[in-house]
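Chemist: give me a model of this one.
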Amino acid sequence: MTARLRLAQLDCDGTLVDSRHSIVAAMSAAWATFGLGEPDPSAVRRSVGLPVVEAVARLLPDRPAAEHEESGTRYREAFFELRRSGDLQEPLYPGVREALDALEAAGLLLGIATGKSRRGLVATLERYDLLDCFVTLQTADDGPGKPNPHLALRALDEAGVEAADAVMIGDTVFDMEMARAARIRGLGVAWGYHDTAELRAAGADAIAERFDDVPPLVTAMLGA
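Modeler: All right, here's what the predicted structure looks like:
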């Protein structure tokens, strides 16, 4: 009898790494292009996880669509420059490596579903020697972003896993809404950019207060 495959998909920004300072810095650089001053850092953090042009549109609803597109381009350029110059701040959250090791030891496949570009995601994972942990990487380059279920469904297809055997782990309501739309379980995390009450309201099946909680919660959800 063939063992069932199970998949834990993880978000990146706000879940694996804390990139809030660099995201705000890059958005500030994008806004400076249009003389818009400084964005509200809390509003920027709340938009993390969305496709960048959609995030800009939420932050600047009264500006024309062409500016949203151009600001998105400027944001990506600014973020790349932060990485190139060595000024990028995106430390791993405590317990990431141990939790990933525990999930793999429990027989789960691991994947990423993120609003980052593929180039940015790969650079982040390589920086921490984590790239080989994941069997599927779904990024902003791969189609409609969160909360659309597209990335989660692509991950299931690539990993060969049924929706009933997968869980999405993330810090924002966009992660939980994507999970619900893809009919997979959602595990919210308490250390990211949206609060836990919002995550529960968006459909999170459980909340991890720290990374140590993730492996037992995931294995309980999936019966692994």
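
Chemist: immediately after the longest helix seen in the chain, which helix or strand?
Modeler: The longest helix of the chain (DSSP state H) is helix 65-85. The C-terminal neighbour of helix 65-85 among helices and strands, as given by DSSP states H and E, is helix 96-105.

Chemist: for the chain, what spans make up the helices?
Modeler: Using DSSP H, helices in the chain cover 20-32, 41-47, 52-59, 65-85, 96-105, 118-127, 150-159, 173-182, 196-201, 214-222.

Chemist: list the contacts of the residue nearest the centre of the chain.
Modeler: For the chain, the residue sitting closest to the mean C-alpha position, by Cα atoms, centre = their mean, is residue 11 at 2.9 Å. By Cβ atoms under 8 Å, 6 or more residues apart in numbering, the residues touching residue 11 are 49, 112, 113, 114, 168, 169, 170, 171, 172, 175, 192. (C-beta placed from N, C-alpha, C; glycine too.)

Chemist: quick check on it: phi, psi?
Modeler: phi -70, psi 170 (degrees, to the nearest 10).

Chemist: excluding its backbone neighbours, what's nearest it?
Modeler: residue 170 (3.6 Å; Cβ to Cβ, 6 or more residues apart in numbering).

Chemist: likewise residue 121?
Modeler: Residue 121's closest residue in space is residue 139 (Cβ to Cβ, 6+ apart), at 5.3 Å.

Chemist: how near is the closest residue to residue 15 other than its chain neighbours to residue 198?
Modeler: Spatially, and ignoring its direct neighbours in sequence, residue 15 is nearest to residue 171 (4.9 Å; Cβ to Cβ, 6+ apart). From residue 171 across to residue 198, the span is 10 Å (Cβ to Cβ, to the nearest Å).

Chemist: of the two, who's got more company?
Modeler: residue 171 (28 against 15; other Cβ atoms under 10 Å).

Chemist: ok, that one touching residue 12?
Modeler: No - counting by Cβ atoms under 8 Å, residue 12 is not a contact partner of residue 171; they are 9.9 Å apart.

Chemist: so which bits of stretch 137-148 are buried?
Modeler: Applying a neighbour-count criterion of 16 or more other Cβ atoms under 10 Å, the buried positions in stretch 137-148 are 137, 138, 139, 140, 142, 145, 146, 147, 148.

Chemist: and residue 207, which of the helices of the chain is closest to it?
Modeler: Closest approach to residue 207 among these is made by helix 196-201 (5.0 Å; Cβ to Cβ).
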